[in-house]
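K.L.:
structure of the sequence below:
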Amino acid sequence: MPPENLNKYELRICVTGGIAAYKVATVVSTLVQNKAGVTVAMTDSATKLIGEPTFRALTGRAVYTDLWAQEISAGI
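P.N.:
You can find the predicted model right below:
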C-alpha cells in the first residue's frame with residue numbers, strides 16, 4: 001500500500017503489450033487517488049489490449065503513444 005499522500009511525486013508509467021497492461025490501470029488509479037502525478041506512455045501493442053482513453057480518464061492527462069510526436073493534446 002502506498003503512503004497516504006504522494007503529492008510530491010511525478011511518475012512516468014510505460015505500458016507494453018502484455019497481459020499485465022490490465023493490472024497497470026489499477027496501479028495508476030491507486031497512485032492518482034493518493035495524489036501522485038502520473039503520466040502514461042503506451043506501446044502500440046498496449047493500445048490494442050487496453051485503450052488510451054482508459055489512462056487518460058484515470059490520470060486526467062495526455063497519454064503518449066508516439067515516440068516522435070511533436071505535440072500531445074489532452075483531448076479531455
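K.L.:
contacting residues around Cys14?
P.N.:
Contacts for Cys14 (C-beta atoms under 8 Å, 6 or more residues apart in numbering) come out as 40-43. (Glycine included, C-beta is placed from N, CA and C.)
K.L.:
can you list the strands that the strand or helix carrying it pairs with?
P.N.:
According to DSSP states H and E, Cys14 maps onto strand 10-15. Sheet pairing here is set by DSSP bridges, and for strand 10-15 it gives strand 37-42 (parallel).
K.L.:
export the strand it pairs with as CSV, just CAs?
P.N.:
C-alpha atoms of strand 37-42 as CSV (Å, rounded to 0.1, in the frame of the first residue of the first chain):
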residue,chain,number,x,y,z
GLY,A,37,1.2,12.9,-10.6
VAL,A,38,1.1,10.1,-13.2
THR,A,39,1.8,10.3,-16.9
VAL,A,40,1.4,7.2,-19.1
ALA,A,41,3.2,6.2,-22.2
MET,A,42,1.9,3.2,-24.2
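K.L.:
find the centremost residue of this structure, please.
P.N.:
Val40 (3.1 Å; C-alpha atoms, centre = their mean).
K.L.:
looks like it contacts Val63 (just checking).
P.N.:
Yes: contact between Val40 and Val63 holds when scored by C-beta atoms under 8 Å: they sit 4.9 Å apart.
K.L.:
need the residues touching each of those two.
P.N.:
Counting by C-beta under 8 Å, 6+ apart, the common neighbours of Val40 and Val63 are Phe55.
K.L.:
quick one: Leu11 from Glu52, how far?
P.N.:
Distance, Leu11 to Glu52, using C-beta to C-beta, to the nearest Å: 18 Å.
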